[in-house]
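Chemist: Have a look; sequence and predicted model below, questions after that.
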Amino acid sequence: MNEAHADALVFFGATGDLAYKQIFPALQAMVARGVLEVPVIGVARSGWTVDQLRARMADSLREHGGIDQAAFDKLSSLVHYVDGDYSDPATFTQMRETLGSAKRPLYYLAIPPSMFGPVAEGLAKAGCAANARVVVEKPFGRDLASAQALNKILHEHFPEEAIFRIDHYLGKEAVQNILYTRFANTWLEPLWNRTYLSHIQITMAESFGVQGRGKFYEEAGTIRDVIQNHMLQLVACLMMEPPTGSTPEPVRDAKATLIKAIRELCPEDVVRGQFQGYRSEQGVAATSTVETFAAVRLFVDTWRWADVPIYIRAGKALPVTACEVLATFRCPPRSVFGEPTYDGMNHLRLRLSPELVIALGTQVKKPGGTMAGVPVELEVMRRDRLAMAPYERLLSDAMHGDATLFARQDEVEAAWEVVDPILGDVTPVHEYAQQSWGPAEANALIAADGGWHDPLAHEPAVQEATEPEATTA
Ligand code: NDP
């Protein structure tokens with residue numbers, strides 16, 4: 001691991017939406033924790049002054065978590081602003097001057113993906129790429145070919161170990177906790193395989209629609225926006241083999257091996273949906289076939305996981321905003337007490353948001369004279385408050401040079417290989433009513449395994465989100 005702490009943070013896209021919603025709160029939190037004490041240089045082309053950037057930071061913080069006066073004052077003193085277009089070499093010359101004596105800057109590209117290449121090139125031509133790291137936002141390509149092309153462009157100027165590809169899902173406390181719980185205990189490992197598990201399902205639901213970002217969403221759709229990245233990374237964390245160490249490469253090797261073992265999707269394993277009214281959203285084509293919902297059935301072709309289906313459904317305008325994993329155990333081998341047995345009498349439920357819950361579904365005896373059972377959940381953990389937001393964790397790690405929570409080139413390309421065959425209009429898109437669970441066709445996909453688990457079943461009162469979510473696309 002490159003342990004050298006970055007000595008400046010250059011932040012391309014400082015006037016953008018992501019900066020406003022996620023990055024300024026993360027920067028203030030980093031200052032408050034004492035892990036950000038170097039110059040922070042915002043770069044954009046809005047013609048702003050540094051005071052305007054400070055004012056924007058203050059507005060952002062008021063709306064997203066509040067101002068911590070001491071941390072805000074410190075952050076304000078660290079901030080600089082460089083104005084200029086990314087296609088203009090003068091922007092990089094000015095940025096280089098503003099960097100002063102900094103020798104190991106971190107460049108964070110919170111900008112449209114079409115600008116990743118020009119900015120990488122601009123940095124290199126201005127002599128700013130040496131000893132630097134670059135953090136790139138999602139989406140990383142729109143299919144396998146474009147991801148490979150983007151990797152090629154970045155590699156012309158930065159070695160792989162200097163490239164940090166953000167998938168903010170990996171920065172979530174709940175996802176970290178999956179890895180920790182799996183590999184810091186012995187009780188789960190003997191059960192975590194095809195012998196004991198019948199299937200795994202994940203629901204990632206958003207109750208809201210595209211929130212005025214129809215133009216952006218038209219370029220993505222659910223499969224590109226969340227399945228290829230967040231969901232496959234989550235599958236990797238759930239199903240990877242134990243890493244040989246906790247440093248970045250053993251963890252990333254184990255994740256990459258798992259993703260490479262996921263079978264390429266075929267049309268029979270995919271159902272796409274679009275919520276009624278999507279085509280009337282601003283920026284959306286009247287004939288759009290972009291999906292706002294997708295359900296997929298995956299298989300991981302390894303010794304441990306052969307023939308265990310993994311079902312994922314994700315979408316917008318669904319009944320609730322929540323993300324939940326349910327691992328269903330096979331039924332007991334025989335019924336000792338004369339009761340019917342079925343897969344799912346036991347489960348492991350991992351609630352990722354809005355609450356953080358780990359719960360073990362089990363059967364216990366109903367009090368009374370008969371040997372009859374009742375299902376209960378043993379709650380291993382429940383948390384409503386979060387210590388650290390994903391962007392705070394990820395940017396702190398990138399400043400420190402720890403790439404564990406960032407996607408490596410082979411992981412990203414392997415994930416595109418999985419979804420590449422079903423991108424676009426290979427499968428039809430079915431309409432669904434807003435605030436429903438998507439098209440009925442999605443139920444058929446999982447019917448053989450008992451149907452979708454309702455994330456409201458165990459957590460009926462969905463509370464306020466515990467973690468600021470980076471809205472998708
Ligand atoms: P915006 O369009 O809101 O902001 C883009 C930023 O890039 C602005 O600061 C803009 O500057 C700057 N910019 C664009 N082109 C140029 C140029 N030629 N020269 C100088 N500056 C330029 O985008 P977002 O903030 O929404 O998204 C940024 C990245 O983050 C994207 O890759 C997106 O996919 C990703 N992302 C966004 C999320 C979100 O919630 N918004 C969630 C997850 C990922 P100016 O305003 O001055 O024109």
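Modeler: In hand now; what should we look at? Numbering: from 1, shown residues only.

Chemist: give me every residue that touches the residue of the stretch 1-150 of the chain found nearest the ligand.
Modeler: Using CB to the nearest ligand atom, the single residue of the stretch 1-150 of the chain nearest to the ligand is G16, 2.4 Å away. Using the backbone N, CA and C atoms, a C-beta is placed for each residue, glycine as well. For G16, the contact set (CB atoms under 8 Å, 6 or more residues apart in numbering) comprises A44, A110, I111.

Chemist: Residues of the stretch 301-450 of the chain that sit close to the ligand?
Modeler: Within the stretch 301-450 of the chain, no position is near the ligand by CB under 6 Å from any ligand atom.

Chemist: which SS state does the residue in the stretch 301-450 of the chain that the ligand sits nearest to fall under?
Modeler: Per CB to the nearest ligand atom, Y391 is where the stretch 301-450 of the chain lies closest to the ligand, at 9.7 Å. Three-state call for Y391 (DSSP: H, G, I helix; E, B strand; the rest coil): helix.

Chemist: which regions of the chain sit below the pLDDT cut-off?
Modeler: 1-3, 385, 461-473 (pLDDT under 70).

Chemist: give me that answer again for 90
Modeler: In the predicted model, the chain carries pLDDT under 90 at residues 1-4, 112-114, 139, 212, 245-248, 383-388, 459-473.

Chemist: Let's check: the centremost residue of it is which one?
Modeler: Among the residues of the chain, the one closest to the centroid is Y169, at 2.6 Å (CA atoms, centre = their mean).

Chemist: Please list all residues in contact with that one.
Modeler: Applying CB under 8 Å, 6+ apart, the residues contacting Y169 are V175, N229, H230, Q233, L234, P390.

Chemist: For it, give its distance to the ligand.
Modeler: Distance, Y169 to the ligand, by CB to the nearest ligand atom, to the nearest Å: 11 Å.

Chemist: quick one, helices of the stretch 351-473 of the chain?
Modeler: 390-400, 409-419, 441-446 (DSSP state H, counting those that start in this stretch).

Chemist: Let me have those helices in CSV, extended by mean neighbour count.
Modeler: Shown next, in CSV, are those (neighbours: other CB atoms under 10 Å):
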stretch, mean neighbour count
helix 390-400, 22
helix 409-419, 22
helix 441-446, 18
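
Chemist: To V40, which of those helices lies closest?
Modeler: Closest to V40 of the helices of the stretch 351-473 of the chain, according to CB to CB: helix 390-400, at 10.4 Å.

Chemist: roughly how far is the closest one from the heart of the chain?
Modeler: Chain-centre distance of helix 390-400: 14 Å, with CA atoms, centre = their mean, to the nearest Å.

Chemist: show me the contacts for the nearest residue to the residue of the stretch 301-450 of the chain closest to the ligand once chain neighbours are set aside.
Modeler: In space, Y391 comes closest to A26 once its chain neighbours are excluded; the distance is 3.8 Å by CB to CB, 6 or more residues apart in numbering. For A26, the contacting residues are A389, Y391, E392, L395, by CB under 8 Å, 6+ apart.

Chemist: so which strand or helix has A26?
Modeler: Under the criterion of DSSP states H and E, A26 resides in helix 24-32.

Chemist: Remind me what the next helix or strand after that helix packs against, helices and strands.
Modeler: Sequence-wise, the next helix or strand downstream of helix 24-32 (DSSP H and E) is strand 40-44. Other helices and strands packing on strand 40-44, by 3 or more CB pairs under 8 Å, 6 or more residues apart in numbering; DSSP states H and E, are strand 8-12, strand 79-83, helix 89-99.

Chemist: for the residue nearest to the centre of the chain, helix, strand, or coil?
Modeler: Applying three-state DSSP: Y169 is helix.

Chemist: E160 reaches A407, doesn't it?
Modeler: No - counting by CB atoms under 8 Å, E160 sits too far from A407 to count as a contact (11.4 Å).

Chemist: In terms of neighbours, single out the busier of those two.
Modeler: Neighbour count, other CB atoms under 10 Å: between E160 and A407, A407 has more, with 29 against 12.

Chemist: And for the residue nearest to that one when sequence neighbours are not counted, the neighbour number?
Modeler: For A407, ignoring the flanking residues on the chain, the nearest one in space by CB to CB, 6+ apart is R165 at 4.4 Å. Using other CB under 10 Å, R165 has 23 neighbouring residues.

Chemist: so R165 makes contact with F140?
Modeler: Yes - at 5.4 Å, R165 and F140 qualify as touching, with contact defined as CB under 8 Å.

Chemist: shared neighbours of these two, anything?
Modeler: Joint contacts of R165 and F140 (CB under 8 Å, 6+ apart) are A407, V412.

Chemist: list the contacts for P105?
Modeler: A6, D7, A8, L9, V10, L99, C128, A132, R133.

Chemist: What segments of the stretch 151-300 of the chain are helices?
Modeler: Counting by DSSP H, counting those that start in this stretch, the helices of the stretch 151-300 of the chain are 173-183, 214-218, 222, 232-239, 248-260.

Chemist: After the second one, which helix or strand is next?
Modeler: Under the assignment DSSP H and E, the closest C-terminal helix or strand after helix 214-218 is helix 222.

Chemist: First-to-last residue distance for stretch 184-195?
Modeler: By CA to CA, to the nearest Å, the extent of stretch 184-195 from end to end equals 21 Å.
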